[in-house]
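In: Need coordinates for the below:
(chains A and B)
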Amino acid sequence: MKKIYINYWFICLVFLSFLSCNNDDGETLFSETPAERIAQRNSELQNLLLSQEQGYKGVYFTKNDEFGGFTFYMKFNADGTVQMTSDFDSETDIISSSYEVRLGTTTELVFTTRNHIQKVSETSASNTDGFRGTSVFQYFSNDNGVITFRDIRNRDTASLVLEPTGFSNFISESVVKSEASLVQRQNLLPTPTSSVFQLLRIENGNGISNFNLNYNTEDLFASPRITLDDGSVTEFNFGIAFTEEGLVISPALDFEGETYTSFIYDAVTSSYVSTVNGTTATILFDNEPAFISRDIESLAQLGPTGFLYRPRLGSNSLTSVGHDAMLQEISDNFAAAGLGAWSVNEYQLSIDFESDNCDTFVFIQLLREADNAAFNSFFCFEKGVITDRKLFLNYTGPTPGNSTFFEPLVMPLLDFFNSSQGLIYTSEGGFSSTLFNFTNSAGTFTSVENPAIRVYGLWFG
Amino acid sequence: MIIINFNTMKKYFIITLFFITTIYFMSCSDSSNSVGESQIDTTPPMQNDLDVWLRNSFVSPYNIEILYKWDINDTDIDRFIHPPFESSVKPMAEALQKAWIEPYSAVGGEDFIKKIAPRQFTFAGGFNFDPDTPTRILGIAEAGSKITLFDLDFLDFTDINSIKQPLKTVQHEYAHILNQNIPFDIIYGQINPEDYNANWFNRSDAQARELGYITAYASSQSGEDFVEMVSEMLTNSKVDFDAIVDGIANPEARAIIRQKEAIVVGYYQTNFGIDIYELQALTDAATQELVN
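Out: This is a model prediction of the structure:
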């Protein structure tokens, strides 16, 4: 009997165990369904975009290990349109196009038809990737109204950051601000009177550190670098985007415990300054490079050879706009003297480090453009002297004949070589220009007295 | 010694059974709430005037969808391409309507395009450069169901040569779709196969014509050769097409192209009952009208 009883109990327990339910009333991770959460995230972004009646200012770095960025002003409307302008180029008119907030890889802002922002995706036969930009931005974060987006193709190097404009009239103010950004981009470019030595200078409790900026104007990308005699190299890399007040860099510059991102333009010194905790990072034009190499010492080893600048061989960006302005000044001198149109056809510098007997001289060939007649002239210097890694040439006068007549007209070029503070020389490897590549050694001379003038040429002999 | 009689045991069993039954009915939660409203967002997308026009002009009559709003997955994700200006969309769509759909409908019947046509066009504003070759892709046809056109923002809709570029692409891709429905005679590819070359881009059109191919791209393979013949015929008037062929210096090449032309004419006539010369006249007239 007891056995029957036990069996009954056993059967009941088994029965119970099969009927018992799982505990599915446990803690839920999310109170909404996935579809609801997606919809919420989309509407969160949509509402954010529409919340700013005066729109957003956006700085978009497409790929900050290769390119700089651009500033956009965009106003999102409830009818699915977005009005936009930018500092990408001089066409700053506001354009209206469509946008959508939708689920892609995550909640995405998609600029569905073309507007200013697609300029970063424009390609050409010579540049098939453009700035490697996109029309699709993944919603990444909202930090008190500052919205950050990423691009899945350049996920570690791209960012679009939108912040409220604070405008009272989006239509008029956004265009003005875009044009102000364009002016700031221009401020970073060399002028006929600005020094060719553009530096990143950091001043902190440890002193002053200088780096040659190495700014690529087409890519808006800088690689500040210094190479010392021992071959050690310190280099930074960042893209630059311009704003109405100055510029921002990405990635941020980390130096000795401080991080620099935003630089404000100082019109008085023509420099961009970032101040962080009493330290400053400044992008400026200076009279000398961050470091003067020993390249000048190689000239003494060259032997009997000449340095040639000949425009017909093509151009190189190392020849400064200040140099070209100097040649124009010479042409202007001829015109002012009533001689018509003349130009510098080429010039050569021969350096002798032993003799003062006009073995160091500048040969200038001038072209009378009316009949293409070429006239040669020679101007003597004392022997070359190298002091503090600079070349000093002391002008002594013209050779008899045409040179005497031409001397006052070509004086800007003679003054360049006669720099009282010397010339800085850099070796630039083989000759390379827009037209030719030669195996001849090439180099540059820059006047320390007037560092706006730098010439790139080749050595022959 | 414990003695339990049968009645007692039965009582226990009934109590236990009652207990289990009670648990059974109370243990599971009421799942009646698990089926609620649909979670699928069925809100219709916002449509602007252009969307409505496209729907009325292409979706309703021909079941052809024209996508111009950017979806990165519609084109190669590794290429840097961008959507078109909205202002470029309608002129391009009208060009398709006038110079492709209407002529085919006129000679092939009202339902011709409805029955055999790509179901989707994607418009892209920017260039599509091929990183592996020094070429630019003008259009892509996928599985006979979709054609993607590039460069829209760089077209001049008042210049007939500019507008002919996308139309040639469409005629080219549409001929592929026709071939996918009814293949062309393999004899076509045996006329002059010796100069088919994957590096066709190293030839100019003029060089290719002297070899018996109507364009450089036609010299890539027989399938492209056939559709290039079609697209050249349907984007030039008969006079202009004859002038191209008659301008070929090599008489043998001229004869080859005329032989291919005859196969194309036969293909259209036999399989679709279409006189391609009549179609050619209609497409040319429509294209002229587009820019006037």
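
In: Please verify my assumption that B:I116 contacts B:N181.
Out: Yes - between B:I116 and B:N181 there is a contact at 5.6 Å, judged by C-beta atoms under 8 Å. Using the backbone N, CA and C atoms, a C-beta is placed for each residue, glycine as well.

In: Run a quick neighbour tally on the closest residue to chain B within the stretch 251-400 of chain A.
Out: Going by C-beta to the nearest C-beta, chain B is nearest to A:P251 of the stretch 251-400 of chain A, at 22.0 Å. Using other C-beta atoms under 10 Å in any protein chain shown, A:P251 has 17 neighbouring residues.

In: on that earlier part again, so which of B:I116 and B:N181 has more stuff around it?
Out: B:I116 (17 against 11).

In: now that one: how far from A:E53?
Out: 51 Å (C-beta to C-beta, to the nearest Å).

In: Spell out the residue ranges of the helices in chain B.
Out: B:6-27, B:49-54, B:60-62, B:86-96, B:102-108, B:112-115, B:160-181, B:205-210, B:222-234, B:238-246, B:251-272, B:276-291 (DSSP state H).

In: And for the stretch 301-450 of chain A?
Out: A:321-336, A:402-406, A:411-417 (DSSP state H, counting those that start in this stretch).

In: Make CSV from those and add mean pLDDT, mean neighbour count and distance to A:N372 to it.
Out: What follows is these, written out as CSV (pLDDT from 0 to 100; neighbours: other C-beta atoms under 10 Å in any protein chain shown; distance: least, C-beta to C-beta, whole Å):
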stretch, mean pLDDT, mean neighbour count, distance to A:N372
helix A:321-336, 97, 17, 15
helix A:402-406, 95, 16, 17
helix A:411-417, 97, 19, 21
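
In: Would you confirm that A:R389 contacts A:I292?
Out: Yes - counting by C-beta under 8 Å, A:R389 sits close enough to A:I292 to count as a contact (4.4 Å).

In: Next, show the common contact partners of these two.
Out: A:I424 (C-beta atoms under 8 Å, 6 or more residues apart in numbering or on different chains).

In: What residues are bridge-paired with the residue of the stretch 101-250 of chain B found nearest chain A?
Out: Using C-beta to the nearest C-beta, the closest approach of the stretch 101-250 of chain B to chain A is made by B:F129 at 3.8 Å. When assigned by DSSP bridges, B:F129 has beta-bridge partners B:R136.

In: how deep is it tucked in, by neighbour count?
Out: B:F129 - counted by other C-beta under 10 Å - has 22 other residues nearby.

In: Let me see the confidence value for it.
Out: B:F129 carries a pLDDT value of 91.

In: if I pick it, what's in contact with it?
Out: B:F129 sits in contact with A:T123, A:A125, A:T128, B:R79, B:T135, B:R136, B:I137, where contact means C-beta under 8 Å, 6+ apart.

In: so the last one makes contact with B:T169?
Out: Think B:I137. No - between B:I137 and B:T169 there is no contact under C-beta under 8 Å: 9.4 Å.

In: if you count what's nearby, which of the two comes out ahead?
Out: Neighbours were tallied for B:I137 and for B:T169 using other C-beta under 10 Å; the higher tally belongs to B:T169 (22 against 18).

In: The more buried one: what's it in contact with?
Out: B:T169 neighbours (C-beta under 8 Å, 6+ apart): B:L138, B:G139, B:I147, B:L149, B:S231.

In: ok, the second one touching B:Q165?
Out: So that's B:G139. No - with contacts defined as C-beta under 8 Å, B:G139 does not count as touching B:Q165, sitting 9.3 Å away.

In: Settle it for me: which of the two has more neighbours?
Out: B:G139 (20 against 16).

In: What pLDDT does the model give the closest residue to that one other than its chain neighbours?
Out: Spatial nearest neighbour of B:G139, chain neighbours left out: B:T169 (3.5 Å); criterion: C-beta to C-beta, 6 or more residues apart in numbering or on different chains. At B:T169, the model reports a pLDDT of 91.

In: again, but for A:D230
Out: Looking at A:D230, the pLDDT reads 89.

In: what's the answer for A:A341, then?
Out: Confidence score, pLDDT, at A:A341: 97.

In: Would you mind splitting chain B into its domains for me?
Out: Residue ranges for the domains of chain B, per automatic domain parsing: B:45-178, B:182-292.

In: With distance to A:N394 added, can I get those in TSV?
Out: Shown next, in TSV, are the domains of chain B (distance: least, C-beta to C-beta, whole Å):
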stretch	distance to A:N394
domain B:45-178	55
domain B:182-292	59
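
In: rank the ones you listed by pLDDT, which is bottom?
Out: domain B:45-178 (a mean of 92).

In: Could you look up the SS state of whichever residue of the stretch 201-350 of chain A sits closest to chain B?
Out: Nearest residue of the stretch 201-350 of chain A to chain B: A:D219, at 14.9 Å (C-beta to the nearest C-beta). Of the three states, A:D219 takes coil under DSSP: H, G, I helix; E, B strand; the rest coil.

In: any idea how far stretch A:43-59 is from the chain center?
Out: Distance of stretch A:43-59 from the chain centroid (C-alpha atoms, centre = their mean, to the nearest Å) equals 29 Å.

In: do the same with stretch A:199-217
Out: Worked out by C-alpha atoms, centre = their mean, stretch A:199-217 lies 15 Å from the chain centre.

In: which residues touch that stretch?
Out: A:188-189, A:197-198, A:221-226, A:234-236, A:240, A:253, A:255-256, A:258, A:260, A:278-286, A:289-291.

In: How about stretch B:245-255?
Out: B:R209, B:E210, B:L211, B:G212, B:I257, B:R258, B:E261.

In: Drop anything exposed from those.
Out: B:R209, B:E210, B:L211, B:G212, B:I257, B:E261 (16 or more other C-beta atoms under 10 Å in any protein chain shown).

In: what would these look like in JSON lines with distance to chain A?
Out: Output for those, formatted as JSON lines (distance: C-beta to the nearest C-beta, whole Å):
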{"residue": "B:R209", "distance to chain A": "24"}
{"residue": "B:E210", "distance to chain A": "26"}
{"residue": "B:L211", "distance to chain A": "26"}
{"residue": "B:G212", "distance to chain A": "29"}
{"residue": "B:I257", "distance to chain A": "30"}
{"residue": "B:E261", "distance to chain A": "33"}
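
In: for residue 94, what are its contacts?
Out: Since no chain was named, I'll use chain A. A:I94 touches A:Q83, A:M84, A:T85, A:I171, A:S174, A:V175, counting by C-beta under 8 Å, 6+ apart.

In: Oops, wrong one, chain B.
Out: Applying C-beta under 8 Å, 6+ apart, the residues near B:E94 are B:L290.
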